[in-house]
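*Asks:* based on what follows, work out the 3D shape:
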Amino acid sequence: MKNTSFSLIVMFLFLLCSLNNAQGGFMDIFSGLTGRTSNDAKVSADNYSPDVAKSLSRLKGKLIHLASFTNNAENTKQFSYPSAEGKFFYVVGHGSVESYFWYCFKKGLLSSDMKVLEESPTEPVPSLMIKLQFLTDKQFKAEVVVTRGKNFFKKKIEENFELSKTDDREELAFNAYKFMDIIIVAVMTDPEVVKALGY
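*Replies:* Coordinates of the predicted model:
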């Protein structure tokens, strides 16, 4: 009787491990469709602590309307974007890729003591919109659109990031937040963008 119980326990553990492995393999096989693998890094605007205040110090007190962000990057999925090598994804917590960027930008601008409006303003306030065109953990391409009164401006911006070699998912997420700092600073200090914003 004891041997039978032990055998059943061993069989149960074996089946459990097999199921977990099969599930991971299933996720990896269909990663191109789902934007997920069994070995993803996880990022969230909640965990993003911006380090951009010093670089954006001249924007302190400036008023900006942070309009919607649009994800037109065909290499991404709704809730994730790939590593440069395509081996895994950065899965966004609490929303889509565009909402992740919007909230990170909001946190970055607020940390720089800018005044951020979420709704369309009734008074003439510069409005910033970003349309993602390509995104990995090493490259960001987007079209930046600024409207200010009757003035309309758009510009394509590209930033690259040298990613330290690591397989640690927490470190990869930390690097993703560092890249977000670089992106925010690049957009908000671009001379043409700053001029279009009226700063």
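
*Asks:* okay, helices next: where are they in this structure?
*Replies:* 2-29, 31-34, 97-111, 169-189, 191-197 (DSSP state H).

*Asks:* buried set for the third one?
*Replies:* Of the residues in helix 97-111, those buried by neighbour count under the rule 16 or more other Cβ atoms under 10 Å are 97-109. In short, each C-beta sits where N, CA and C put it, glycine included.

*Asks:* which of those lies closest to Asn175?
*Replies:* Top of the list for closeness to Asn175, among the buried residues of helix 97-111 and by Cβ to Cβ, is Cys104 at 14.1 Å.

*Asks:* list the contacts of the residue lying closest to Trp102 once chain neighbours are set aside.
*Replies:* Distance criterion Cβ to Cβ, 6 or more residues apart in numbering; nearest residue to Trp102, sequence neighbours excluded, is Phe69 at 4.6 Å. Residues near Phe69 by Cβ atoms under 8 Å, 6 or more residues apart in numbering: Glu98, Ser99, Phe101, Trp102, Phe105, Met129, Ile130, Lys131, Leu132.

*Asks:* what score does Phe69 have for pLDDT?
*Replies:* pLDDT for Phe69: 94.

*Asks:* wait, isn't Val146 in contact with Lys154?
*Replies:* Yes - counting by Cβ atoms under 8 Å, Val146 does reach Lys154; the two are 7.4 Å apart.

*Asks:* which of the two has more neighbours?
*Replies:* Neighbour totals were compared for Val146 and Lys154, and Val146 leads with 22 against 14 (other Cβ atoms under 10 Å).

*Asks:* how close does Leu109 sit to Leu63?
*Replies:* Per Cβ to Cβ, to the nearest Å, Leu109 is found 10 Å from Leu63.

*Asks:* I should have written Lys178 there, sorry.
*Replies:* Going from Lys178 to Leu63 by Cβ to Cβ gives 28 Å.

*Asks:* what's the domain layout of this protein?
*Replies:* Using automatic domain parsing, the domains assigned to the chain come out as 1-34, 41-197.

*Asks:* just these: most buried one?
*Replies:* Ranked by mean neighbour count, these are led by domain 41-197 with a mean of 17 (mean count of other Cβ atoms under 10 Å).

*Asks:* who's in contact with the closest residue to Thr136 other than its chain neighbours?
*Replies:* Leaving aside its sequence neighbours, Thr136 sits nearest to Ala84 (Cβ to Cβ, 6+ apart; 4.4 Å). Applying Cβ under 8 Å, 6+ apart, one finds that Ala84 lies in contact with Thr136, Asp137, Lys138, Gln139, Leu163.

*Asks:* skipping its backbone neighbours, what lies nearest the third one in space?
*Replies:* Sequence neighbours aside, Ala84 is the residue nearest to Lys138 in space, at 4.1 Å (criterion: Cβ to Cβ, 6+ apart).
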